[in-house]
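K.L.:
Here is a sequence together with a model predicted from it:
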Amino acid sequence: MAQGLLTDRYLDGIPGDSRIKADGRFLQESAVSQEALQKVQALNEIAKEQIDEILG
């Protein structure tokens, strides 16, 4: 999922145990911009709504 960026893992900042901190070959810290996080948050909200709709 885009090296973890599309999960909610980075919405509250970059965790200390993240591969970004330990090994930047996968996802660069610069990819976790405010703009990217806003888009991920919006996508997460859509996904939650869809899950709620499916599970009723």
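P.N.:
Nice, thanks for sending it over.
K.L.:
contacts and neighbour counts: CA atoms only from here.
P.N.:
Noted.
K.L.:
Name the single longest helix found in this protein.
P.N.:
Among the elements of the chain assigned as helix by DSSP state H, the one spanning the most residues is helix 34-55.
K.L.:
May I see the buried residues of that helix?
P.N.:
Neighbour-count burial for helix 34-55, counted by 16 or more other C-alpha atoms under 10 Å, picks out L37, V40, Q41.
K.L.:
would you turn the residues you listed into CSV with distance to L55?
P.N.:
Rendered in CSV, the data for these read as follows (distance: C-alpha to C-alpha, whole Å):
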residue, distance to L55
L37, 26
V40, 22
Q41, 21
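K.L.:
Flag the helix or strand of the chain with the lowest per-element mean pLDDT.
P.N.:
The element with the least model confidence among the helices and strands of the chain, by mean pLDDT, DSSP states H and E, is helix 19-22, at a mean of 78.
K.L.:
Buried residues, that one. List them.
P.N.:
Residues of helix 19-22 classed as buried by neighbour count (16+ other C-alpha under 10 Å): R19, I20.
K.L.:
how distant is that helix from the center of its chain?
P.N.:
Between the centre of helix 19-22 and the centre of its host chain there is 14 Å, according to C-alpha atoms, centre = their mean, to the nearest Å.
K.L.:
In three-state terms, label L11 for me.
P.N.:
coil (DSSP: H, G, I helix; E, B strand; the rest coil).
K.L.:
Now do it: how many residues are near it, please.
P.N.:
17 (other C-alpha atoms under 10 Å).
K.L.:
separation between E35 and E53?
P.N.:
E35 sits 27 Å away from E53 when distances are taken as C-alpha to C-alpha, to the nearest Å.
K.L.:
give me phi/psi at D17?
P.N.:
Backbone torsions of D17, given as degrees, to the nearest 10, read phi -90, psi 10.
K.L.:
burial of it, as a residue count?
P.N.:
Around D17 sit 8 other residues, with neighbours defined as other C-alpha under 10 Å.
K.L.:
Any figure for the gap between it and Q34?
P.N.:
Applying C-alpha to C-alpha, the value for D17 to Q34 is 20 Å.
K.L.:
Ok, G4 next?
P.N.:
16 Å.
K.L.:
Any stretches of this protein with poor pLDDT?
P.N.:
1-3, 24 (pLDDT under 70).
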